[in-house]
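1. Next input, structure requested:
(one chain, ligands or ions: 4)
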Amino acid sequence: MRRGSSNWVLLLLSFLVLHVSLSNEQEDSTAPMLRAEQEALYLLIQDLVGKWWNGSELYPDPCGWTQIQGVSCDVYDGKWHVTGLTFGSILDGSLECSEDASLSPLLFEFEHLKSLSFFGCFLSSHHKTSIPSSHWEKLAPSLETLEFRSNPGLVGEIPASITRLTKLQSLVLVDNSLSGNLPQELGHLVQLKRLALAGSHFSGQIPASIGSKLSELLILDMSRNSLTGPLPSSLGAMSSLLKLDLSDNFLHGSLPQELGQLQCLTLLDLRGNKFSHGLPQALHDMASLQDLLLSNNPLGGNLMGTDWGRLTNLSTLDLSNTNLSGEIPESIVRVKRLRFLALDNNNLSGCVPTKLADLPDLTALYLNGNNLAGELKFSEAFHRRMGRRFAFGGNPHSSVGRYCKQEKSAGSQGKGKGRIMDDQSSSVLTSLSFPASSINVWLGVAVQELLVVIALILLL
Ligand SMILES: *[C@@H]1O[C@H](CO)[C@@H](O)[C@H](O)[C@H]1NC(C)=O
Ligand SMILES: *[C@@H]1O[C@H](CO)[C@@H](O)[C@H](O)[C@H]1NC(C)=O
Ligand SMILES: *[C@@H]1O[C@H](CO)[C@@H](O)[C@H](O)[C@H]1NC(C)=O
Ligand SMILES: *[C@@H]1O[C@H](CO)[C@@H](O)[C@H](O)[C@H]1NC(C)=O
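-> Residues are numbered from 1 along each chain as shown. Ligands and ions are numbered 1, 2, ... in the order given. Here you go, the predicted model:
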């Protein structure tokens, strides 16, 4: 009896739930939009795409039956609200910006806006645009993604007021013409998972607050700027970090031991800076590293202080042109997953460990431009596997060195000076800087990054 009645209650409840959700859905599809928000949307778009664009004529119901490509909406309290805005030439039918595109302050009237993106929107070098310097706090309760990508006409500094957007999870300012110092207040964006500030003209030092406050960060990319000064040791506090790319700047000083605390880091790219004082001892503590790219730095020192065998997942090791001396340690052959090894254009001496040929995945080996002795004893099969991705030329003593016991005449020796990244590593290298111009690049994004994106979407 009791059981029967509770079943009834359950049935009734589920009926109610079904009914409520159905009627909600009906309401959704016919939900009205606030007149003011609709007008603001039309005017905002018109300022960006041109006066010819007549919203009320083309899209009388912008969140309903005449949806606009690049505009997404959601229902809050029975009304449609704009939640996402994407401008620029991404897909056919996207809202393409005009030559004299400008950013209307109406932008700050969308109180439910979660995502705002401009891809290749401000292009003109005659008509320059800056990131608005105030009112960002109005979007603070909702905005999670802010992106300006490939806007050569976007100039000026990052306004500190942008750091009032404390809900931001992704801040991407990539391939613009922004300049000036990075605001110290970036550390206020404590929910950031991705911070990408690559490919502008930023100068000055990396704010230490980034490392000490942004503990959720997964991706930090400040490559291709003019940043100076040392690497703040606080970066070691970003315990979740997966990718750190600071390549092509003017950073100098030693690599801090605290980098060893980055236990999740899979990519460390510091190529093309002025780092010195050798490899940090703690290098081998970054146990998850897959790509370690330090080429073109006057690092100096040698390879002996690192326990290479601990980097079990390392597949790309680029130490080309880093002023290394000493010998190539045998322990390097314990990096079993190594695919790409570049030690070229250093001052390495001694013999080449012949066991390198036993690394099952190795498909690129650059040893040219050193002082390595002896002749190489690699099999024909090994040379066939390497093809042009092997180079040993420019080792002046290689033919006269007699103290490499195992030496015997080997097959042809590559002489090429240039290096070819294998497919795998070159896709890693592009994965941090998605130019809007190409969808293909998106396809090349590493699986891990996709997972991060999916995780972000699930979080919404
Ligand atoms: C847009 O079109 C409507 C209806 O055709 C017209 O009344 C209005 O003046 C137009 N607005 C602009 C800005 O051209
Ligand atoms: C190495 O990679 C494998 C997957 O390929 C992963 O399961 C493992 O956790 C990684 N090891 C470390 C130390 O990150
Ligand atoms: C390379 O290292 C040597 C010491 O081994 C040092 O004397 C020289 O200045 C370094 N070169 C550069 C360009 O840093
Ligand atoms: C290269 O290393 C040798 C010792 O192996 C040293 O004598 C020489 O000065 C180094 N050359 C440079 C340019 O650092």
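2. end to end, how far does stretch 339-359 reach?
-> Across its full length, stretch 339-359 reaches 8 Å between end residues, using Cα to Cα, to the nearest Å.
3. near ligand 2 at all, that stretch?
-> No: against ligand 2, stretch 339-359 shows no contacts by Cβ under 6 Å from any ligand atom, the least distance being 13.0 Å. Every C-beta, even on glycine, is put in place using the N, C-alpha and C of the backbone.
4. That stretch and ligand 3, any residue contact?
-> No: under the criterion of Cβ under 6 Å from any ligand atom, ligand 3 is not reached by stretch 339-359; the shortest gap measures 6.7 Å.
5. what about that stretch, average pLDDT?
-> The average pLDDT within stretch 339-359 is 90.
6. So which bits of it are buried?
-> 339-346, 348-354, 356-357, 359 (16 or more other Cβ atoms under 10 Å).
7. so which of those also contact ligand 4?
-> Checking the buried residues of stretch 339-359 against ligand 4 (Cβ under 6 Å from any ligand atom), the matches are Ser349.
8. Report the separation between Leu259 and Pro105.
-> 43 Å (Cβ to Cβ, to the nearest Å).
9. Just the closest residue of the stretch 301-450 of the chain to ligand 3, please.
-> Asn323 (3.8 Å; Cβ to the nearest ligand atom).
10. Just to check, that residue is in contact with Asn346?
-> Yes: using Cβ atoms under 8 Å, Asn323 is in contact with Asn346, at 6.4 Å.
11. so Gln281 touches Gly305, yeah?
-> Yes: between Gln281 and Gly305 a contact is recorded at 5.5 Å, counting by Cβ under 8 Å.
12. How about the backbone phi and psi for Leu44?
-> phi -60, psi -50 (degrees, to the nearest 10).
13. what's the burial count for it?
-> Neighbour count of Leu44, defined by other Cβ atoms under 10 Å: 22.
14. Next: Leu58.
-> Around Leu58 there are 12 residues (other Cβ under 10 Å).
15. which residues sit in contact with it?
-> Going by Cβ atoms under 8 Å, 6 or more residues apart in numbering, Leu58 touches Thr66.
16. Ok, Pro183 next?
-> Counted by Cβ under 8 Å, 6+ apart, Pro183 has contacts Glu157, Ile158, Pro159, Ala160, Ile162, Thr163, Pro207.
17. want to throw those into JSON lines with neighbour count and pLDDT?
-> Below are these laid out as JSON lines (neighbours: other Cβ atoms under 10 Å; pLDDT from 0 to 100):
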{"residue": "Glu157", "neighbour count": "15", "pLDDT": "95"}
{"residue": "Ile158", "neighbour count": "24", "pLDDT": "95"}
{"residue": "Pro159", "neighbour count": "17", "pLDDT": "95"}
{"residue": "Ala160", "neighbour count": "14", "pLDDT": "93"}
{"residue": "Ile162", "neighbour count": "24", "pLDDT": "94"}
{"residue": "Thr163", "neighbour count": "20", "pLDDT": "94"}
{"residue": "Pro207", "neighbour count": "18", "pLDDT": "94"}
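18. now these in CSV, with distance to ligand 4?
-> Shown next, in CSV, are the contacts of Pro183 (distance: Cβ to the nearest ligand atom, whole Å):
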residue, distance to ligand 4
Glu157, 41
Ile158, 41
Pro159, 46
Ala160, 45
Ile162, 46
Thr163, 45
Pro207, 35
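19. Now for these: which two are most distant?
-> Pro159 and Pro207 (14.7 Å; Cβ to Cβ).
20. for the stretch 1-150 of the chain, what spans make up the strands?
-> 71-76, 79-88, 115-119, 129-130, 145-156 (DSSP state E, counting those that start in this stretch).
21. Pairing partners for the last one, with directions?
-> With DSSP bridges as the test, strand 145-156 is paired with strand 115-119 (parallel), strand 129-130 (parallel), strand 170-181 (parallel).
22. out of these, nearest to Leu365?
-> The nearest among the strands paired with strand 145-156, by Cβ to Cβ, is strand 170-181 at 32.8 Å.
23. returning to what we had before: possible to save the strands of the stretch 1-150 of the chain as TSV with mean neighbour count and distance to Pro230?
-> Shown next, in TSV, are these (neighbours: other Cβ atoms under 10 Å; distance: least, Cβ to Cβ, whole Å):
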stretch	mean neighbour count	distance to Pro230
strand 71-76	17	42
strand 79-88	21	36
strand 115-119	21	33
strand 129-130	19	30
strand 145-156	21	27
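24. who wins for proximity to Phe382 among the ones you listed?
-> Ranking these by distance to Phe382, with Cβ to Cβ as the measure, places strand 145-156 first at 42.5 Å.
25. could you give the mean pLDDT of the closest one?
-> On average, strand 145-156 scores 94.
26. Now His252: closest residue in space that isn't a chain neighbour?
-> Lys274 (3.9 Å; Cβ to Cβ, 6 or more residues apart in numbering).
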